[in-house]
Each structure stands twice: as structure tokens, then as C-alpha cells.
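**Student:** mind folding the following:
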Amino acid sequence: MNSLCPNWSYASNHLSDPDGRIIFVWKPHINVTIIHQSRQYMTCRVDNLTADTLFFTAVYAANTAEERNDMWIELLDIQSSLSLVDQSWIVGGDFNEITHPAEHSDPSVSTITPSMSVFNSCLSQLEIRDLRYHGAIFTWSNKCPEDPIAKKLDRALINEAWLDSFPRSLAQFLAPDISDHTPCCITLDFPLPLADTKPFKFFNYLTAHPDFLSMVAEALICTENEIHSLYLLSVKLKELKGELKRLNKENFSKIQKKQKKRS
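**Tutor:** Sure thing, here's the model as predicted:
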């Protein structure tokens, strides 16, 4: 490690797993204290002179649901013992589980499995949710062109205290390169949009178009419990925004010029 990152510090979970599934590497000006480790995760406290203190739990979840269930319970225990509800806490990595069928590329995956339900229940109890992000929804692929499969296995999850401390933070899922997973880069203070950036605007006249209600209805059809519905709703609303822009451009763009031509 010293040859790759000279003068940097590092720690791993070799004490919990002979293969060392998780490694932390940090620069000298940052103070990192390892608080707890297991085979599937490591939790540390990060103190930086230029930012608030934060807690980071790196996750590399097991392939089996039984082992992951152990980790969900341990995370709840860690949250309670460290009083992380009141601390800026981010939980990120490979969870080896999806929250909803929409996070699987295979259309035949259409129902919530028991392991998905357990995962969602854990997130609900921990009161953590996805940090806003840029990049592809699917963060893992099997790298098999003949029978491609992709899923959202990697995420960055935050609590309310994190959002209070880092309201402009952002997760960016980058190109996977040779890996089957996409790397995730967390920016604590992402720049706000430039002043000349055009925000999405909703025009009331769109409601007069005969296709408007059907487009909105499709976006609002969400099933399952609240967690699943909110996630799916966010995905659908992003799609709806694009459709409304298209609807406006094709039917109402330069409407004054069109009226002059007709007259």
C-alpha cells in the first residue's frame, strides 16, 4: 500500500476476514478513527479541519441473504450504541441487494422478494435514505454481452443529521472501467447550478393536452409500501419531466408564431 499511496494511512478489516474485504486509505491531514469492523462492514469517525466531523460505514455485503440479515442487525446495534441518529452518518458500498424490482434490468423481476423487504425494513429503522446522485441507476453488471444483467447494488445512504451538515453533498457514480461495479465519489459541497441554468418549469396550459392526464397517471402508479412507492415515484417523475418537455416542445413551442401563420 505504501508504494501506491506514499505517506498515506490505511486500515482494513483483516482482523474480521482473512481476505481483507474492506480497506480505508486516507491522506495525512485527515484524522480517521476505526470504531468497529466486521466481515461485511467497517465504521470510522472522520475529523477534518475544513469540514464537520462525520461517521462513515463502508459496506461489502455478503452474497447470501442469511449473512446480510446479520449485518442489518449489527448496523442497528451500531447506530444505537454510537448514537448515530444525532451524528452525520453515511453508509456506502456494495449492499448486494436491491430495494425494488425497478433496480433490476430484467423485466421478469417484478415482485418484492423477502430479502428486499428485510433490506427496506432495515433502511426504514435506521432512518437512512439515498443521497442525491448523478450517474446510472444500475451500478453493477455481469459483464456478459450474451445475457446482460444489471442491478443497483451500490448506494450511498445518509441520515437527517448528515443532510443538515452537508446539504449540498452529492454522490457521483462513475464509469465502471474494468470492474463490474461503478465507483462512487462523494462530494461534500457540490457547487450550485450556474445562474443561467434553466430550471424545469411547469406550464398550466399543458393540462389542456389530451395526453396530459395519461402521462401523469402513469408516473403516479406506485405499488407496495411507502419506501418502494417513493423510490419508484422519483424514477417516474424524472421520466415524466422529460415527457412534459417533449410535449411542450412538440405542441406548444413558438405558439405565437404558429397563430400568426394560421391567421
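**Student:** from now on I want contacts and neighbour counts done on CA atoms only, so please keep to that.
**Tutor:** Will do.
**Student:** what sits up against the host helix or strand of residue 76?
**Tutor:** Secondary structure assignment for residue 76, by DSSP states H and E: helix 65-81. If you take C-alpha atoms under 8 Å, 6 or more residues apart in numbering as the criterion, helix 65-81 is touched by 40, 41, 61, 62, 84, 85, 115, 118, 119, 122, 125, 126.
**Student:** what residues are up against the first one?
**Tutor:** With contact set as C-alpha under 8 Å, 6+ apart, residue 40 has these partners: 21, 59, 60, 61, 62, 71.
**Student:** among the residues you listed, which lie within strands?
**Tutor:** 59, 60 (DSSP state E).
**Student:** which parts of the stretch 151-263 of the chain are helices?
**Tutor:** Applying DSSP state H, counting those that start in this stretch to the stretch 151-263 of the chain gives helices spanning 160-165, 212-220, 226-251, 255-262.
**Student:** the longest one - what's its average pLDDT?
**Tutor:** Per-region confidence: helix 226-251 scores 70 on mean pLDDT.
**Student:** now swap in the last one and tell me
**Tutor:** Mean pLDDT, helix 255-262: 55.
**Student:** what ranges do the strands span in this protein?
**Tutor:** 9-12, 23-26, 31-37, 41-48, 51-60, 89-94, 129-130, 133-134, 140-141, 150-151, 154-158, 170-173, 184-187.
**Student:** for the second one, list the C-alpha coordinates in CSV.
**Tutor:** Just to be clear, that refers to strand 23-26. Taking C-alpha atoms only, strand 23-26 is exported to CSV below (Å, rounded to 0.1, in the frame of the first residue of the first chain):
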residue,chain,number,x,y,z
ILE,A,23,-9.7,-1.1,3.1
PHE,A,24,-9.7,2.6,4.2
VAL,A,25,-7.0,4.8,2.8
TRP,A,26,-6.7,8.5,3.8
